[in-house]
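Chemist: structure of the sequence below:
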Amino acid sequence: MGILGPGLGLVKKKKASGTNVASQRVEKASRPEEAAPPAAAQPAAAGESTDLAPVVGANLRRLRTRRGLSLERLAQISGVSRAMLGQIELGQSAPTINVLWKIARALEVTFSALISARTQSGALVLRSAESKILTSKDRSFSSRALFPFDEPRRVEFYELRLAGGSVEDADAHPPGTTENLVVTAGTIEIDVAGDTHRLDTGDSILFEADTPHAYRNPGKTEAVMYLVMTYAEEIG
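Modeler: Predicted coordinates:
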């Protein structure tokens, strides 16, 4: 997918018209695709949490050092520059979904391992105002995590929104990853394994997501989906 978020797939954003907006930027980013502009780090909806950058930074440093990787080595295997990785670790840059997935794949962790925040044991209510939401540069695509980021897990749950006339391309996820998605508003077309599957409101699909795939909204209004992403094994 894309999301992930997420746990969405590492996504490259573009419009159905063919206009490519995959290059998401921040000021001073050393590579054009590496981080979203300051606007993309702002809340995508009223009440959205704005503390994602420091959480990602702390997790990145912990996971990188745990694996004995220098910033230079991680830059080589992830394709994200050392300068950008350094900015992310310091909480100075809000990385795009695309960059987060590059880093997650290089570290061999789940998407949620990078945006996780430790919580107390027991029941946890996830308030809408505290949601972690990742958006594309033009905000036509968003991914809202609906699960606690308290520990490594095999299953992730997301709310996805895609504007009318938009397409979201997703790179392949780790081997064995599956996506189970249901459309709750609008219509979505999913391209996977050379086939296109049209889903109207109430329709669902389960597919292997360890191959490139795409989500397309052929309508004029926003489509809303709920995605359960399951990894082959618990990592992170």
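Chemist: report the buried residues of the biggest helix by length in the chain.
Modeler: With DSSP state H setting the assignment, residue counts place helix 52-66 as the longest helix in the chain. Across helix 52-66, burial judged by 16 or more other C-beta atoms under 10 Å covers Leu52, Ala53, Val55, Val56, Gly57, Ala58, Asn59, Leu60, Arg61, Leu63, Arg64. All C-beta spots, glycine's among them, are computed from the backbone N, C-alpha and C.
Chemist: quick check: what element follows that helix along the chain?
Modeler: helix 71-78 (DSSP states H and E).
Chemist: what is the mean pLDDT for that following helix?
Modeler: Averaging pLDDT along helix 71-78 gives 93.
Chemist: what's the angle from that helix to helix 52-66?
Modeler: Comparing the axes of helix 71-78 and helix 52-66 via axes from the mean of the first three to the mean of the last three C-alpha atoms, to 10 degrees yields an angle of 100 degrees.
Chemist: what pLDDT, on average, does the helix or strand just after helix 71-78 get?
Modeler: Counting by DSSP H and E, the next helix or strand C-terminal to helix 71-78 is helix 82-89. Averaging pLDDT along helix 82-89 yields 93.
Chemist: show me what helix 82-89 is packed against.
Modeler: Packing partners of helix 82-89 (3 or more C-beta pairs under 8 Å, 6 or more residues apart in numbering; DSSP states H and E): helix 52-66, helix 71-78, helix 97-107.
Chemist: so for Val26, what's the pLDDT?
Modeler: Looking at Val26, its pLDDT reads 34.
Chemist: ok, the nearest residue to Ala193 once chain neighbours are set aside to Glu168 distance?
Modeler: Spatial nearest neighbour of Ala193, excluding adjacent residues (C-beta to C-beta, 6 or more residues apart in numbering): Thr211 at 6.1 Å. From Thr211 over to Glu168 the distance is 15 Å, taken as C-beta to C-beta, to the nearest Å.
Chemist: the more surrounded of those two?
Modeler: Each of Thr211 and Glu168 has its neighbours counted (other C-beta atoms under 10 Å); Glu168 has more, 28 against 15.
Chemist: which strand or helix spans the more buried one?
Modeler: strand 166-170.
Chemist: re earlier: nearest to Arg154, of the helices and strands packed on helix 82-89?
Modeler: helix 97-107 (14.4 Å; C-beta to C-beta).
Chemist: quick one: that closest one to strand 166-170, angle?
Modeler: Using the same axes, to 10 degrees: helix 97-107 against strand 166-170 is 10 degrees.
Chemist: beyond helix 97-107, next helix or strand please.
Modeler: helix 111-114.
Chemist: which elements pack onto that following helix?
Modeler: strand 7-8, helix 52-66, helix 97-107.
Chemist: give me the sheet partners of the helix or strand that that helix is followed by and which way each runs.
Modeler: Remark: after helix 111-114, the chain's next helix or strand is strand 133-135, criterion DSSP H and E. Strand 133-135 pairs in its sheet with strand 141-145 (antiparallel), by DSSP bridges.
Chemist: send the alpha carbons of the partner strand over as PDB?
Modeler: Extracted C-alpha coordinates of strand 141-145, given in PDB (Å, rounded to 0.1, in the frame of the first residue of the first chain):
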ATOM      1  CA  PHE A 141      -3.800  11.100   0.700                       C
ATOM      2  CA  SER A 142      -3.700  10.400   4.400                       C
ATOM      3  CA  SER A 143      -3.000   7.500   6.700                       C
ATOM      4  CA  ARG A 144      -4.200   7.500  10.300                       C
ATOM      5  CA  ALA A 145      -2.900   4.800  12.700                       C
END
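Chemist: thanks a lot, see you next time.
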